[in-house]
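Colleague: below are the sequence and a predicted model for it; my questions follow.
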Amino acid sequence: MNKIPSFTINHEKLLRGIYVSRKDEVGNEVVTTFDIRMKEPNREPVVHAGALHTIEHLAATFLRNDEEWKDRVIYWGPMGCLTGNYLLLRGDLEPKDIVPLMQRTFRFIADFEGEIPGAAPRDCGNYLLHDLPMARWEARKFLDEVLMKMTNANMVYPQ
């Protein structure tokens, strides 16, 4: 059985950042899957499940309402390894194309106050698994330490 491409990335060298995980042709369009890597795999603690769940709700809400990008957003969701998120967008895109969008998204999360969108029993399959203070902390850390200081090393998968 062949390995899928994401399992061939050297996670021992992977930095936090924004990477193109894959590009797929769907009909006449390209869909770009981004790896929004918030943690260095196997070298630092993962994002707590409650914080990542809250980040999922807030980022999905923000992205689907962003005037510039809302019509291109297909999906935002957490990685099973708890080190980041996947973002699927319509278009043949590169990490540099979405850095401002990710800066706005993570600033929104870092500054968010109030009721978490979609975090009620009627709206969410695990509404008790949320942690807004940690989501805000993780978002601020990623924004300040990575998104505001992006380099090629944070946008090109290591060999």
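Modeller: Right, received. Where do you want to start?

Colleague: switch to C-alpha atoms for all contacts and neighbour counts from now on
Modeller: Fine.

Colleague: ok, now which ones touch the spatially most central residue of the chain?
Modeller: Centroid-nearest residue in the chain: N85, 3.4 Å away (criterion: C-alpha atoms, centre = their mean). When contacts are counted by C-alpha atoms under 8 Å, 6 or more residues apart in numbering, N85 touches D35, I36, R37, M38, E56, W76, G77, P78, M79.

Colleague: ok, so of these, who is nearest R90?
Modeller: Nearest to R90 among the contacts of N85, counting by C-alpha to C-alpha, is W76 at 12.5 Å.

Colleague: who's the residue lying closest to that closest one once chain neighbours are set aside bridged to?
Modeller: Nearest non-adjacent residue to W76, counting by C-alpha to C-alpha, 6 or more residues apart in numbering: L87, 4.6 Å away. With DSSP bridges applied, L87 shows beta-bridge pairing to F34, W76.

Colleague: touching, L87 and K23? I think so.
Modeller: No - using C-alpha atoms under 8 Å, L87 makes no contact with K23, being 11.7 Å away.

Colleague: who has more neighbours, these two?
Modeller: Set L87 next to K23 and count neighbours by other C-alpha atoms under 10 Å: L87 wins out with 21 against 17.

Colleague: quick revisit: which of the contacts of N85 count as buried?
Modeller: For the contacts of N85, a burial check counting by 16 or more other C-alpha atoms under 10 Å picks out D35, I36, R37, M38, E56, W76, G77, P78.

Colleague: that older thread, list residues touching both of L87 and K23?
Modeller: In contact with both L87 and K23: T33, using C-alpha under 8 Å, 6+ apart.

Colleague: so which elements touch the longest helix that the chain contains?
Modeller: Taking DSSP state H as the criterion, the chain has its longest helix at helix 95-111. Using 3 or more C-alpha pairs under 8 Å, 6 or more residues apart in numbering; DSSP states H and E, the elements in contact with helix 95-111 are strand 17-26, helix 49-63, helix 132-145.

Colleague: which among those is found nearest to V156?
Modeller: Nearest of the helices and strands packed on helix 95-111 to V156, taken as C-alpha to C-alpha: strand 17-26 at 6.1 Å.
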